[in-house]
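>>> just coords:
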């Protein structure tokens, strides 16, 4: 979404605002709580006292931009919904409340984004 925002595709200024707000919502509703949770989890028994953390590496395909706005936005919403479903199905030993809150944030973000996709 951030890449699309900066790519200056076919989005109107209002649509670009939706992308920006959606990206920021994900930063605070999903990335931050997961990052804080991961930073407090132990790496494992081979490394006592060492905590884990999030990887900030992006997969190569993350920079791929779909050429058509509507298709791109539908894909964003579908992927957010898939991630929400995955998160909702997790049953972590620690941080279950945080993961459930992230799943809810992802579902809400997907629904908000899809509301801005025009019908065909």
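That came in fine, so what should we check first? None of the values given here were measured: they were computed from a predicted structure.

>>> okay, buried residues for stretch 21-36 please.
22-23, 25-26, 29-30, 33-34 (16 or more other Cβ atoms under 10 Å). For glycine as for every other residue, the C-beta is placed from the backbone atoms N, C-alpha and C.

>>> just curious, which of those residues is nearest to residue 11?
residue 22 (11.9 Å; Cβ to Cβ).

>>> okay, and that closest one sits in which element?
Secondary structure assignment for residue 22, by DSSP states H and E: helix 13-26.

>>> cool, and residue 37?
Going by DSSP H and E, residue 37 is in helix 32-40.

>>> and after that helix, which helix or strand comes next?
Trace forward from helix 32-40 with DSSP H and E and the next one is helix 69-89.

>>> what helices or strands is that following helix leaning on?
The contact analysis (3 or more Cβ pairs under 8 Å, 6 or more residues apart in numbering; DSSP states H and E) places helix 69-89 against helix 96-114.

>>> quick one: low-confidence ranges for the protein?
Low-confidence segments of the chain (pLDDT under 70): 58-64, 120.

>>> can you rerun that using 90?
For the chain, applying pLDDT under 90 flags the ranges 1-11, 41, 43-44, 52-69, 71, 93-94, 118-120.
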